[in-house]
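**Student:** Predicted coordinates and the sequence they were generated for:
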Amino acid sequence: MSGAQKNIVFACRIEDAAARARIQKLGNLIEVPEADSPEKIIEAAKEAQVLVVPYTAHALISSAVIDALPQLELIGSTYGGVRQNIDDLYALEKGLSVIHTGPTRIRPMAEYTLGLALSSLTQISNYHHYMKSGEAWPRMKFGRTRILHNRKIGVIGFGWIGRGIAELFGQFSDQVQIYSSHAREESLAELGFQKAATLKSLFSECEVIVLAGGYTPETHHMIRGEHFEAMADEALFINIARGKMVNEAEMIEVVEKRNIFLALDVFEEEPLDADSPLRSNDRCLLAPHRANAPIEFEQRWAFLAEELERFDRGEELMTALSSTRAKVMSES
């Protein structure tokens, strides 16, 4: 990006003054929060070399938008992924760099997942619920609880978030298995992890199982009733990825008859039905899709400034997508 002054368009406000100041040093910064449709994006970025957009639930940068902006060199997202509203594969075909803020989500997501695990294993959430809802002293309601230390842990997915979770949970146990189609056994071993032979073997062997992979058509309902049936008595399944990766009906069927535990931040349909059986089951810890709530997510602005500085210097970008990586990222 070095050389002549570049036009840098953000289709949002940069909510960090220090990050904005850093980006302004790289070129002509234009913030256009009203550019919330493909047509408005084309108008706002018609002279831009860099275009950064926020999360939107609808398509924002389509192939037609990319074709209409031939001067673009880089497309970025303030979100942890890009597939939600950017045609990333087409952008890569056209030779553009595509970046996101995924690394700023690693530690917040990992600690949130750890919180779900500890709260479920120790029954803290249930004790809190019953003490607030009428039982004066439910001290013996759940009997003996468990801690995380030395338990067999399984992590499904080994992208930015999956690796971060595995590394944090690895501080509690040296028995961490990874199920991933792209992580090599030798590489995992160097990090102190084991590669699971199969998805079903991970469910049968691990006491705490975390789903952290990306949602794509290939991973839709990848976890089904047979996997929950394979879980050991009192094993815990945590989902902080996407609800549609799990066949929820089959999961509910198993948890209603088996002594297994669930800690769920995401669901197949959101919001979760008011009459879902999950709501009345003490072995199910539920949260309303809030793994992205920690304030540390706002470090994304400083991270974008760092990425654009690297781009300006012609250095390798930390989150530059490849087509292979793009294809396994969540689409929603």
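**Tutor:** Happy to help now that I have it.
**Student:** List the contacts of stretch 263-276.
**Tutor:** If you take Cβ atoms under 8 Å, 6 or more residues apart in numbering as the criterion, stretch 263-276 is touched by 112, 116-117, 119-120, 236-244, 246-248, 252, 278-279, 284-291. From N, CA and C alone the C-beta is placed, and that goes for glycine too.
**Student:** Type out the PyMOL command that picks the buried ones from those.
**Tutor:** To isolate the buried ones among the contacts of stretch 263-276 in PyMOL, judged by 16 or more other Cβ atoms under 10 Å, type:
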select buried, resi 112+116+117+119+120+236+237+238+239+240+241+242+243+244+246+247+248+252+278+284+285+286+287+289+291
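**Student:** Quick check, pLDDT for the residue in the chain sticking out farthest from the centre.
**Tutor:** Distance to the chain centre peaks in the chain at Ala136, reaching 38.2 Å (criterion: Cα atoms, centre = their mean). As predicted, Ala136 sits at a pLDDT of 95.
**Student:** Check Arg83 too.
**Tutor:** Looking at Arg83, its pLDDT reads 89.
**Student:** again with Glu39
**Tutor:** pLDDT, read off for Glu39, is 98.
**Student:** Skipping adjacent residues, who's closest to Thr101 in space?
**Tutor:** Using Cβ to Cβ, 6 or more residues apart in numbering and skipping residues adjacent in sequence, the residue nearest Thr101 is Arg300, 3.8 Å away.
**Student:** list the helices and strands the host helix or strand of that neighbour packs on?
**Tutor:** Using DSSP states H and E, Arg300 maps to helix 300-313. Where contact means 3 or more Cβ pairs under 8 Å, 6 or more residues apart in numbering; DSSP states H and E, helix 300-313 is packed against helix 17-24, strand 50-53, strand 74-77, strand 97-99.
**Student:** Next, format the ones you listed as a markdown table and append distance to Glu229, mean pLDDT and mean neighbour count.
**Tutor:** Converted to a markdown table, the helices and strands packed on helix 300-313 look like this (distance: least, Cβ to Cβ, whole Å; pLDDT from 0 to 100; neighbours: other Cβ atoms under 10 Å):
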| stretch | distance to Glu229 | mean pLDDT | mean neighbour count |
| --- | --- | --- | --- |
| helix 17-24 | 49 | 98 | 15 |
| strand 50-53 | 43 | 98 | 26 |
| strand 74-77 | 39 | 98 | 26 |
| strand 97-99 | 40 | 98 | 22 |
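**Student:** possible to save those as a markdown table with distance to Leu168?
**Tutor:** As requested, the helices and strands packed on helix 300-313 are exported to a markdown table (distance: least, Cβ to Cβ, whole Å):
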| stretch | distance to Leu168 |
| --- | --- |
| helix 17-24 | 26 |
| strand 50-53 | 29 |
| strand 74-77 | 25 |
| strand 97-99 | 25 |
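**Student:** so which of these gets nearest Lys195?
**Tutor:** Nearest to Lys195 among the helices and strands packed on helix 300-313 is strand 97-99; the distance by Cβ to Cβ comes to 28.9 Å.
**Student:** Name the residues that touch the closest one?
**Tutor:** The contact list for strand 97-99 (Cβ under 8 Å, 6+ apart) reads 73-77, 82, 86, 88, 91-92, 304, 307, 311, 317-321, 326.
**Student:** just to revisit the earlier point, what about dumping the CA coordinates of the helix holding Arg300 to PDB?
**Tutor:** Output in PDB follows, covering the C-alpha atoms of helix 300-313 (Å, rounded to 0.1, in the frame of the first residue of the first chain):
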ATOM      1  CA  ARG A 300     -10.300  -5.200  17.100                       C
ATOM      2  CA  TRP A 301      -9.800  -1.500  16.200                       C
ATOM      3  CA  ALA A 302      -6.100  -1.500  17.300                       C
ATOM      4  CA  PHE A 303      -5.700  -4.900  15.500                       C
ATOM      5  CA  LEU A 304      -7.000  -3.500  12.300                       C
ATOM      6  CA  ALA A 305      -4.600  -0.500  12.600                       C
ATOM      7  CA  GLU A 306      -1.800  -3.000  13.000                       C
ATOM      8  CA  GLU A 307      -2.900  -5.000  10.000                       C
ATOM      9  CA  LEU A 308      -3.200  -1.900   7.800                       C
ATOM     10  CA  GLU A 309       0.300  -0.800   9.000                       C
ATOM     11  CA  ARG A 310       1.700  -4.200   7.900                       C
ATOM     12  CA  PHE A 311      -0.100  -3.800   4.600                       C
ATOM     13  CA  ASP A 312       1.400  -0.300   4.200                       C
ATOM     14  CA  ARG A 313       4.900  -1.700   4.800                       C
END
